[in-house]
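Q: sequence unknown, structure follows:
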């Protein structure tokens, strides 16, 4: 076998490891390379020189003109995994380069290399200006991130028992935000054992988290971890955005996509992850255009990538503390955790709702230790082959019950009312009734939770609302889908009118708006709008939230246009 044949065999072996390899690593034609020259600048690298490095901000997308670049994945423990070698006509980037986030892989020159470098803002300009070429590149960027997530070898390293509350919490956070990571068992993995021996963790320290630069964190909070791995870019205090969107669920993402695509400068802020409650949904089957259904994470991830493509600055996780509506310099001020703040000419309230916590004694003791407010593959893995309980009667509860039934031995669905027809879509009711391992308990409520010495849930008790009957079962996982309360406390003192339930009142419903012409989604404060679940009277459905997010952009244009006109 000649050297060329061997090289081809090696490349084919590498390519076979990837999902849709020809779309993941396409080669540009000479004509397409010429079209990218208008957006890039020439850069050369010597043999062995790094073009980009794991954990450090990526400079953008490279188009290889001459030479080859070896792409490898590396974790904080020093483990290096070869991924692929790319040569002339191919481009080097993944989704993080749309916004200048830290690289997730290393790229090293194999021999002398000549490239075109497209910085993030020029890359976004190319994706918009060159529709057909942009589609191919965007698809490749998405598939590359998918492959990095599926590889399970690089990225952030979590070390700890898979059932520990900290591990489940951080796995969920990283998964929801599309961040590559993998978990090492402290009892079986040698690398994990070495780190444990060095840091001697206590039970409350799980998990230990090793970042790409080798730093070790002990059971960090989401914000601490996000800062350590470069997820948060942070606001630039000297910049005034056209619109700040508080909340990155379907409504906020729709607003971001339409506003950014129409040329507005957009900042999106969320306290935990993109997608909101919809992002935790196992399957959405009644959203237009997806007849076979789609997971909430997949649907909202597409919108998240789309918003970045058009240049929206998405800041996650960032907690919004308050909104200053005095506009002393013509802009609203959004106060963030720490001492940061962000200014914008308009604000869209898309903060949705927070999971409601039923009145059960010592509930907080078991949150993250057997009590869950969403049902993702992470939680499903924990309860495989076991009996679980689920409380709720809405669509989210129905979707979760059907999803969990494919993993658990039995799903005990506890419903406070006497039926499902008033609160759940018919297709879900029929599916639940046809699923043999879902048992329905109507007119019933959970009364008590019991655990072990490690504060892990081990047993639940419930009773009938129509009699004195009580019962219990050894159940280690309880899923709560009992509705949500609006996340509007950050609006206190701003003058935005809320209804009795705490939802934001908009349009003519607001007493402050009586006698003046206002947009349907405008609040009692001009320049502040509300969309999605947080809005009083909204349809609590993904489709409704997305529709309002698109609708509000026309009002934003009108408001910003009027604000820019000189006074007569």
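A: Nice, thanks for sending it over. Keep in mind that this is a model prediction, so the values were computed, not measured.
Q: show me the contact partners of stretch 412-432.
A: 285-286, 387-395, 397-399, 401-402, 438-446, 462, 465, 473, 475 (Cβ atoms under 8 Å, 6 or more residues apart in numbering). (C-beta placed from N, C-alpha, C; glycine too.)
Q: report the buried members of those residues.
A: 285, 387-395, 397-399, 401-402, 438, 440-442, 444-446, 462, 475 (16 or more other Cβ atoms under 10 Å).
Q: what about these, which are in helices?
A: 395, 397-399, 401-402 (DSSP state H).
Q: biggest helix in this protein, by residue count?
A: Under DSSP H, the chain gives helix 542-564 as its longest helix.
Q: gap between that one and the chain center?
A: 23 Å (Cα atoms, centre = their mean, to the nearest Å).
Q: for that helix, buried residues please.
A: Buried, per 16+ other Cβ under 10 Å, within helix 542-564: 542, 544-553, 555-557, 559.
Q: that older thread, need the ones in helices among the buried ones among the contacts of stretch 412-432 in TSV (columns: pLDDT).
A: Shown next, in TSV, are those (pLDDT from 0 to 100):
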residue	pLDDT
395	91
397	94
398	95
399	94
401	97
402	96
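Q: name the nearest of those residues relative to residue 344.
A: residue 395 (33.2 Å; Cβ to Cβ).
Q: and stretch 81-97, how far out from the chain's middle?
A: So, by Cα atoms, centre = their mean, the centroid of stretch 81-97 is 24 Å from its chain's centroid.
Q: try stretch 180-193
A: For stretch 180-193, the distance to the chain centre is 25 Å (Cα atoms, centre = their mean).
Q: tell me, how many residues neighbour residue 222?
A: 20 (other Cβ atoms under 10 Å).
Q: quick one, what contacts it?
A: Taking Cβ under 8 Å, 6+ apart as the test, what residue 222 contacts is 169-170, 173, 272, 317.
Q: and if you look at residue 275?
A: Here residue 275 is in contact with 176, 248-250, 253, 296-297, 300-301, 304 (Cβ under 8 Å, 6+ apart).
Q: and if we set it to 10 Å?
A: 176-177, 248-250, 252-253, 281, 295-301, 303-304 (Cβ atoms under 10 Å, 6 or more residues apart in numbering).
Q: same thing with residue 25?
A: So residue 25 contacts 11, 14-15, 18, 71, 83-86, 90-92, 140, 143-144, 147 (Cβ under 10 Å, 6+ apart).
Q: just give me the closest of those to residue 261.
A: Nearest to residue 261 among the contacts of residue 25, with distances taken as Cβ to Cβ, is residue 140, at 20.9 Å.
Q: for that closest one, pull up the helix or strand it's in.
A: helix 131-151 (DSSP states H and E).
Q: the following helix or strand past that helix: partners in the sheet, and parallel or antiparallel?
A: Using DSSP H and E, the helix or strand that follows helix 131-151 in sequence is strand 156-159. Here strand 156-159 has these sheet partners by DSSP bridges: strand 181-184 (parallel), strand 208-210 (antiparallel).
Q: now, of those strands, which is deepest in the fold?
A: strand 208-210 (a mean of 24; mean count of other Cβ atoms under 10 Å).
Q: and after it, which helix or strand comes next?
A: strand 216-218.
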